[in-house]
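[1] sequence and predicted structure below; questions after.
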Amino acid sequence: QVQLVESGGGLVQAGGSLRLSCAASGRTVTRYTMGWFRQAPGKEREFVAGITWSGGDTSYADSVKGRFTISRDNAKNTVYLQMSSLKPEDTAIYYCGANTGFWGPAKQLYQYWGQGTQVTVSS
């Protein structure tokens, strides 16, 4: 089993930055595809960014492209999401997910999830 714990969320003004972290335990996720999703109140959980096990390929939702950067440190079993130029519409609970090598934005591909971290962007 894989346990994922997100951290780094908080309240930030529009235009500001935050860096989210997702620490994995229980099993190394070195060979896992990792992703970040978010869910705003009353909305479905949506894909934000994904990264392959090697870090060689990344993918982003159009709404965050150019503002967010996903990265990973396999030695630390940790994935990051650097968020810049934040907008009020980025307000959501951000979830980290892991899957055993599938690639794509569908949340159904992910077997493991963290509990989420709240990001609130004020205008």
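    Done, it's in. Residues are numbered from 1 along each chain as shown.
[2] right, and Ile70 touches Phe47 too?
    No. The criterion here is Cβ atoms under 8 Å, and Ile70 misses it with Phe47 at 11.2 Å. Placement of C-beta: from N, CA and C, glycine included.
[3] quick one: common contacting residues for these two?
    Common neighbours of Ile70 and Phe47, using Cβ atoms under 8 Å, 6 or more residues apart in numbering, are Gly35.
[4] now do the contacts for the residue of the chain positioned farthest from its centre.
    If you look at how far each residue of the chain sits from its centre, by Cα atoms, centre = their mean, the farthest one is Ser123, at 22.5 Å. Taking Cβ under 8 Å, 6+ apart as the criterion, Ser123 is in contact with Ala14, Pro88.
[5] beta partners for the residue nearest to the spatial centre of the chain?
    The geometric centre of the chain, computed from its C-alpha atoms, lies nearest to Trp36 (Cα atoms, centre = their mean), at 2.2 Å. Trp36 has the following beta-bridge partners by DSSP bridges: Ala49, Cys96.
[6] quick one: it from Gly104, how far?
    14 Å (Cβ to Cβ, to the nearest Å).
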